[in-house]
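> Turn this into a structure:
(4 chains)
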2 protein chains.
Amino acid sequence: MVMSGRDRPTLENVAQRAGVSRATASRVVNGSTSVAPHIRDKVLNAVDALGYVPNQAARSLVTQRTDSIALVASETTSRVFSDDPFFAAVIRGVSLELEAADKQLVLMMVGPSGPSHDRVERYATGGHVDGAIIFSMHGADPLPERLSRAGVPVVCNGRLLTQSQVPYVDVDNEDAARAAVHHLLDTGRRRVATIAGPQDMSAGIDRLKGYRSAMQDASRRSIVAVGDFTRQSGALAMSQLLADDPQLDAVFAASDAMADGALRALRQNGRRVPDDVAVVGFDDMEFARDTEPPLTTVRQPITDIGRTVARQVLRLAAGEQIEPVLLLPTELIKRESA
Amino acid sequence: MVMSGRDRPTLENVAQRAGVSRATASRVVNGSTSVAPHIRDKVLNAVDALGYVPNQAARSLVTQRTDSIALVASETTSRVFSDDPFFAAVIRGVSLELEAADKQLVLMMVGPSGPSHDRVERYATGGHVDGAIIFSMHGADPLPERLSRAGVPVVCNGRLLTQSQVPYVDVDNEDAARAAVHHLLDTGRRRVATIAGPQDMSAGIDRLKGYRSAMQDASRRSIVAVGDFTRQSGALAMSQLLADDPQLDAVFAASDAMADGALRALRQNGRRVPDDVAVVGFDDMEFARDTEPPLTTVRQPITDIGRTVARQVLRLAAGEQIEPVLLLPTELIKRESA
DNA sequence: TCGTGTCTTGAGAGCGCTCTCAGGCCGATT
DNA sequence: AATCGGCCTGAGAGCGCTCTCAAGACACGA
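Below is the predicted model:
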């Protein structure tokens, strides 16, 4: 078995070439200020003459840090692996932030609480990472709490459904949904339905709650169908809603993908948008401005959520206190569908 | 700075508790067969009594392996971070395969040959990973070659545009495109246009080449517009094509997202699909069956590509010889758009 | 001139693990 | 009964790095 790194230069080599001790070479490499300039230069020269790169394993062994953060995502989540690019946007944000801090991103997918669950738990609690970001949890997943209890800095994306102190970053889903529904009501819609997200995820639950509360405020009856954030489920739910209440004149979908599916279903059922039925989505994904008609939707700053959650976990790993809950702002983007 | 793992049990502790030497404990943990069963049991008991998890850093230090593989993706790639879920599907495949081999996935995004490029290179050549998977490269990116030359096992997704021996996994884009165009011609279409992908990526180049070659075979003139794999670019390109040749009766788009954009543009220009214009896409993404009309498209096994590329890099890292080029099959999925 | 304090440098002890090597035990063979 | 061979086990040497601690160098004031 040929190892690529067998002949990689070590700090010892660098020190030798520079004519200093290993300790001094280490100081230079790690940017200590208390090294005489001319010695510093000698070491730096040696470093790039030899193409020296520190061995992370050796470093971790002594520092007890790994400089890497786990990003745990549920593989089954439709938001993660379907035609909803939510996942990519979050990763992007996380990645940007970690890169800036010179940390690595270790991606772990977990199935529905199967063996891969244990694997993640063992890996994370095993000190392989300095912290973990968990997102798109379904149901009352015990993972965040467990990791946290095991001493791993954990920050989640999205409110936890368990009783738990694990900090999280999210938008105010309930409030945002309420705003969307109010917009519909304010523009004269009477029979407003909703296509809710999965009811084992906080985003799904809270947006439905927001819808209900807004409808209650206006003394109107709720008309609900549940999807799973995908286009297909949106189309299906829309058909159901139409069957349930052919008179409905507006629908609030808990994701843009579902809203897009709904648009299709409406079209196929001969309804004009927004003339007959107004549609509001949620996310403001890129494709929302290209649907027919362009989608009025609740923008949430997905990449920012990724960045923020990463920043929080880094702070936590650095021993800082962080806010247990951080809610990022949303904004209703008015286009033509409502 | 409180470290979570400060008091984690070490192999020494396990050995002590089991009343054996550290060497024997190590043997058990690593599944060596030459350990007496009753001793083995004692050690295993100690392991889970203490909740022992091996320290990866220490292990790496001596084995010179890290058990992790880097997945390098170009951040600018529209396929990666737009409404095209290509990225997620590849990751999924890679992840599945690595998980099965108990390897970690380290995700690295690179911008357009900026500082992040060096970072990736340093990191990978620095022995932090056992291998690297590179995908969605733009232009003549020197990264794969450099890493490979530095002794890092590298496998790419997609043909390289540089002269290079770096192995890759892909589909036969040229051939697949040819098949798509032939289908159009065979069904009586005369003026077949194409919306090509970016011409600094092999997938873009090769699919265009396939289109051209099929058109030449049929002695027809090429009608070309170039997009960047996104919906928006597809819509734009379609409008251009329509302006260039109002008589066109078919279009082959190099991605489903662009095909979807094209469908929209066609609709907006009053063309019926497939009656006036037939449309064929490429990818067979999930949404392709829900477009209006459902999209005829070239299916490529994206998740499989991810799996395969992961498998190849693992083999390479294990010192095996691998095929320099591996082409996975495509299939023309006929739906209603053509 | 000598002592004191400050600053830079080097020596060396591990971090937790794997793996080689040698020793010990035991059954088998002559 | 003595010797041989095979199989387990333990001792110990590192892997490459960081960090503590002490020693050396130097400037300064008394």
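
> is DNA strand D contacted by stretch A:312-323?
No - using Cβ under 7 Å from any atom of the strand, we find that stretch A:312-323 stays clear of DNA strand D, coming within 13.9 Å at best. The C-beta positions use only the backbone N, C-alpha and C, and glycine is treated the same way.

> which SSE is A:Ala243 in?
helix A:231-244 (DSSP states H and E).

> Then A:Ala132 would be within a strand, right?
Yes - according to DSSP: H, G, I helix; E, B strand; the rest coil, A:Ala132 belongs to a strand.

> So for stretch A:250-265, mean pLDDT?
Stretch A:250-265 carries an average pLDDT of 95.

> in the helix holding A:Ala243, what counts as buried?
A:Arg231, A:Gln232, A:Ser233, A:Gly234, A:Ala235, A:Leu236, A:Ala237, A:Met238, A:Ser239, A:Gln240, A:Leu241, A:Leu242 (16 or more other Cβ atoms under 10 Å in any protein chain shown).

> What of stretch A:142-156?
Within stretch A:142-156, the residues scored as buried using 16+ other Cβ under 10 Å are A:143-148, A:150-156.

> biggest separation within those, which pair?
A:Gly151 and A:Cys156 (16.5 Å; Cβ to Cβ).

> The nearest residue to A:Met285 once chain neighbours are set aside: neighbour count?
Take A:Met285 and drop its neighbours on the chain: the residue closest to it by Cβ to Cβ, 6 or more residues apart in numbering or on different chains is A:Asp256, 4.6 Å away. By the measure other Cβ atoms under 10 Å in any protein chain shown, the count of residues near A:Asp256 is 29.

> just the one 3 residues further on next, same as before
Residues near A:Ala259, counting by other Cβ under 10 Å, number 30.

> and the helix or strand hosting it, which residues are buried?
Using DSSP H and E, the element containing A:Ala259 is helix A:256-268. Along helix A:256-268, these residues count as buried under the neighbour rule (16+ other Cβ under 10 Å): A:Asp256, A:Ala257, A:Met258, A:Ala259, A:Asp260, A:Gly261, A:Ala262, A:Leu263, A:Arg264, A:Ala265, A:Leu266.

> Just the closest of those residues to DNA strand C, please.
Each of those was checked against DNA strand C using Cβ to the nearest atom of the strand; the closest is A:Ala257, at 45.0 Å.

> correct me, but the closest one touches A:Gly234?
Yes - A:Ala257 is in contact with A:Gly234 according to Cβ atoms under 8 Å; the separation is 6.3 Å.

> doesn't A:Ala70 make contact with A:Ala124?
Yes - A:Ala124 lies in contact with A:Ala70 (Cβ under 8 Å); the separation is 5.6 Å.

> Need the residues touching each of the two.
Listed as contacting both A:Ala124 and A:Ala70 by Cβ atoms under 8 Å, 6 or more residues apart in numbering or on different chains are A:Ala132.

> Neighbour count: those two, which is higher?
With neighbours defined as other Cβ under 10 Å, A:Ala124 and A:Ala70 compare such that A:Ala124 has more, 28 against 25.

> show me the contacts for that one.
Neighbour list for A:Ala124: A:Ala70, A:Val72, A:Ala132, A:Leu147, A:Ala150, A:Val152 [criterion: Cβ under 8 Å, 6+ apart].

> Could you find the closest non-adjacent residue to the last one?
Yep, that's A:Val152 we're talking about. Once flanking residues are discounted, A:Val152 sits nearest to A:Ala124: 5.1 Å by Cβ to Cβ, 6+ apart.

> Can you classify the one you found by secondary structure?
Applying three-state DSSP: A:Ala124 is helix.

> Was I right to think A:Gly197 contacts A:Lys209?
No - assessed by Cβ under 8 Å, A:Gly197 is found out of contact with A:Lys209, at 11.3 Å.

> Counting neighbours around each, name which of those two comes out higher.
Shown here are A:Gly197 and A:Lys209; by other Cβ under 10 Å, A:Gly197 has more neighbours (27 against 17).

> Would you check how far apart the more buried one and B:Val90 are?
Counting by Cβ to Cβ, to the nearest Å, the separation of A:Gly197 from B:Val90 is 26 Å.

> Likewise for A:Asp118?
In terms of Cβ to Cβ, A:Asp118 sits 26 Å off from B:Val90.

> mind listing the helices for the stretch 51-200 of chain A?
A:56-63, A:86-100, A:115-123, A:143-149, A:173-186 (DSSP state H, counting those that start in this stretch).

> which one of those is the most hemmed in?
helix A:86-100 (a mean of 23; mean count of other Cβ atoms under 10 Å in any protein chain shown).

> quick one: average pLDDT of it?
What helix A:86-100 shows for mean pLDDT is 87.

> And that helix, what does it pack against?
Where contact means 3 or more Cβ pairs under 8 Å, 6 or more residues apart in numbering or on different chains; DSSP states H and E, helix A:86-100 is packed against strand A:68-74, strand A:104-110, helix A:302-317, helix B:86-100, strand B:104-110.

> CA atoms of that helix as PDB?
What follows is helix A:86-100, C-alpha atoms only, in PDB (Å, rounded to 0.1, in the frame of the first residue of the first chain):
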ATOM      1  CA  PHE A  86     -32.800  24.300  -0.200                       C
ATOM      2  CA  PHE A  87     -30.000  22.000   0.800                       C
ATOM      3  CA  ALA A  88     -27.500  23.400  -1.600                       C
ATOM      4  CA  ALA A  89     -28.100  26.900  -0.400                       C
ATOM      5  CA  VAL A  90     -27.700  26.100   3.200                       C
ATOM      6  CA  ILE A  91     -24.500  24.200   2.500                       C
ATOM      7  CA  ARG A  92     -23.200  27.100   0.600                       C
ATOM      8  CA  GLY A  93     -23.700  29.400   3.600                       C
ATOM      9  CA  VAL A  94     -22.200  27.000   6.000                       C
ATOM     10  CA  SER A  95     -19.300  26.400   3.700                       C
ATOM     11  CA  LEU A  96     -18.600  30.100   3.200                       C
ATOM     12  CA  GLU A  97     -18.400  30.700   6.900                       C
ATOM     13  CA  LEU A  98     -16.300  27.700   7.800                       C
ATOM     14  CA  GLU A  99     -13.900  28.400   5.000                       C
ATOM     15  CA  ALA A 100     -13.400  31.900   6.400                       C
END
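
> Pull up the gap between the residue positioned nearest the centre of chain A and B:Arg146, please.
Computing the C-alpha centroid of chain A and ranking residues by Cα atoms, centre = their mean puts A:Val90 first, at 4.2 Å. For A:Val90, the distance to B:Arg146 equals 30 Å [Cβ to Cβ].
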